[in-house]
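Q: Pasting the sequence and the predicted model now:
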Amino acid sequence: MSKKPVRVAVTGAAGQIGYAILFRIASGEMLGKDQPVMLSLLEVPVEKAQQALQGVMMELQDCAFPLLVGMQAHSDPMTAFKDVDYALLIGSRPRGPGMERAELLAVNAEIFTAQGKALNAVASRDVRVLVVGNPANTNAYIAMKSAPDLPRKNFTAMLRLDHNRALSQLATKTGKAVADIEKMAVWGNHSPTMYADYRFATINGESVKDMINDQDWNANTFLPTVGKRGAAIIAARGVSSAASAANAAIDHMHDWALGTNGKWVTMGIPSNGEYGIPKDTMFGFPVTCVNGEYTIVEGLPIDAFSQECINKTLKELQEEQAGVAHLL
Ligand SMILES: NC(=O)C1=CN([C@@H]2O[C@H](COP(=O)(O)OP(=O)(O)OC[C@H]3O[C@@H](n4cnc5c(N)ncnc54)[C@H](O)[C@@H]3O)[C@@H](O)[C@H]2O)C=CC1
Ligand SMILES: O=C([O-])CC(=O)C(=O)O
């Protein structure tokens with residue numbers, strides 16, 4: 001018997017990432033090739049955006065995806081999020097010329113407060129939320145805080161792009177296959193302060209740290225390359241990463257919903273105090289997933305260099321959190 005369809009909301013559906021992700025969700029790459037989906041697509045109530053969204057929907061229709069059993073365009077989160085099982089919050093306000101960080105945080109706080117409240121009011125009580133729109137961790141924190149009737153653990157932020165970037169850099173450095181790398185971890189904020197940590201990583205059981213054996217490369221090449229990759233892509237393309245961001249969002253939701261078979265992945269999730277990260281901080285942690293639930297990989301030793309990196313990214317997140325506290 002075929003599975004009952006699930007409702008998937010995507011915000012910013014007519015944007016760059018929207019265009020790169022919707023076709024993959026509809027083809028079953030996110031939730032499985034046996035899982036029918038209904039898409040609930042949210043865009044701003046602006047004629048140009050709504051018209052562009054209609055165009056994307058025409059293309060989705062033209063793909064005749066067997067798993068796509070329904071789709072609707074929306075301009076109000078209260079209708080877009082009705083009964084949704086999964087919500088990918090991609091649309092957000094980008095930083096404009098001369099815009100201060102505080103101003104960016106404030107305009108996004110408004111968007112994610114409204115969307116958190118709408119999820120709280122109308123989404124499935126089990127909705128799983130991924131925030132992609134930047135600043136992703138703080139936007140996810142705002143949405144979580146605005147949805148007190150939903151489980152905190154169901155709000156997550158996207159660190160998977162940093163995780164995947166780190167895997168590729170390590171594969172290139174070691175000359176080994178990405179698929180053979182296990183136990184990668186990325187800690188903290190989706191920003192250049194994130195700490196991509198390969199101390200526990202293995203390739204066919206061998207330690208990646210021992211294989212590379214170069215702390216200077218770690219501190220002065222690897223970490224800045226992964227941390228500043230978003231900016232490097234903007235410099236090269238003129239616009240920010242979209243296909244790789246969409247791919248990371250697919251990976252994040254896929255693994256959360258369908259499990260990781262014991263493999264570690266990175267998710268931005270609300271802390272419960274693990275590794276000394278204050279409760280509720282939306283922080284990148286290594287996790288494993290089984291049956292729609294994630295579990296933090298606990299008990300990893302944190303050396304002095306790692307602690308310094310973790311403290312730095314935590315400090316930035318706490319400053320972002322403090323910057324929006326009066327709006328929550
Ligand atoms: N967490 C991560 O790893 C990454 C995050 N991003 C972030 O993802 C976001 C989206 O990126 P793109 O698709 O390239 O941007 P884009 O500008 O191409 O598209 C964003 C879309 O969101 C819509 N939008 C804005 N506010 C909205 C709201 N309140 N409700 C519904 N829709 C809304 C806009 O009309 C626009 O169509 C940006 O904030 C970007 O910085 C991008 C790459 C990686
Ligand atoms: O840097 C940006 O603006 C987009 C982004 O988050 C990334 O590519 O990691």
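A: Good, I have the coordinates. Ligands and ions are numbered 1, 2, ... in the order given.
Q: What residues does the stretch 51-200 of the chain have near ligand 1?
A: Counting by C-beta under 6 Å from any ligand atom, the stretch 51-200 of the chain comes close to ligand 1 at 90-94, 111, 132-134, 136, 158, 161, 190. (Glycine included, C-beta is placed from N, CA and C.)
Q: For the residues you listed, work out which two are farthest apart.
A: Greatest spacing in these, by C-beta to C-beta: 111 and 161 (20.6 Å).
Q: more crowded one of those two?
A: Between residue 111 and residue 161, residue 161 has the larger neighbour count (other C-beta atoms under 10 Å), namely 26 against 21.
Q: give the contact list for that one.
A: 190, 241, 244, 245, 248 (C-beta atoms under 8 Å, 6 or more residues apart in numbering).
Q: What's the per-residue pLDDT of residue 131 here?
A: Looking at residue 131, its pLDDT reads 98.
Q: do you know how far it is from residue 144?
A: Using C-beta to C-beta, to the nearest Å, we find residue 131 at a distance of 9 Å from residue 144.
Q: Enumerate the residues of the protein near ligand 2.
A: 134, 161, 230, 231, 233, 240, 241.
Q: from those, which would you call buried?
A: Using 16 or more other C-beta atoms under 10 Å as the burial test, those include 134, 161, 230, 233, 241 as buried.
Q: Next, give me the two most distant ones among those residues.
A: Going by C-beta to C-beta, the pair spanning these furthest: 134 and 233, at 13.4 Å.
Q: Overlap of the contact sets of these two?
A: If you check residue 134 and residue 233 against C-beta under 8 Å, 6+ apart, no residue is contacted by both.
Q: What is the end-to-end distance of stretch 220-228?
A: 12 Å (C-alpha to C-alpha, to the nearest Å).
Q: and that stretch with ligand 1, contact?
A: No - counting by C-beta under 6 Å from any ligand atom, ligand 1 has no neighbours in stretch 220-228; the shortest distance is 11.7 Å.
Q: so what's residue 150 up against?
A: Here residue 150 is in contact with 119, 120, 123, 125, 127 (C-beta under 8 Å, 6+ apart).
Q: how close does the fourth one get to residue 151?
A: This means residue 125. Residue 125 sits 8 Å away from residue 151, taking C-beta to C-beta as the criterion.
Q: Compare neighbour counts for the two and give me the winner.
A: Neighbours per residue, other C-beta under 10 Å: of residue 125 and residue 151, the larger number sits with residue 151, 13 against 9.
Q: Just give me the neighbour total for residue 323.
A: For residue 323, using other C-beta under 10 Å, the count is 17.
Q: doesn't residue 100 make contact with it?
A: No - using C-beta atoms under 8 Å, residue 323 makes no contact with residue 100, being 10.3 Å away.
Q: Name the residues of stretch 275-287 that come out as buried.
A: For stretch 275-287, by 16+ other C-beta under 10 Å, it's 275, 277, 281, 282, 283, 284, 285, 286, 287.
Q: Nearest to ligand 1 among those?
A: residue 284 (10.6 Å; C-beta to the nearest ligand atom).
Q: In a strand, the closest one, correct?
A: Yes - under DSSP: H, G, I helix; E, B strand; the rest coil, residue 284 sits within a strand.
Q: Hmm, residue 190 and it touching each other?
A: Yes - between residue 284 and residue 190 a contact is recorded at 7.2 Å, counting by C-beta under 8 Å.
Q: coming back round to it: nearest to residue 297, of the buried residues of stretch 275-287?
A: Nearest to residue 297, judged by C-beta to C-beta, of the buried residues of stretch 275-287 is residue 286 at 4.3 Å.
Q: count of residues packed around the closest residue to the closest one other than its chain neighbours?
A: Nearest non-adjacent residue to residue 286, counting by C-beta to C-beta, 6 or more residues apart in numbering: residue 185, 3.7 Å away. Residue 185: 24 surrounding residues under other C-beta under 10 Å.
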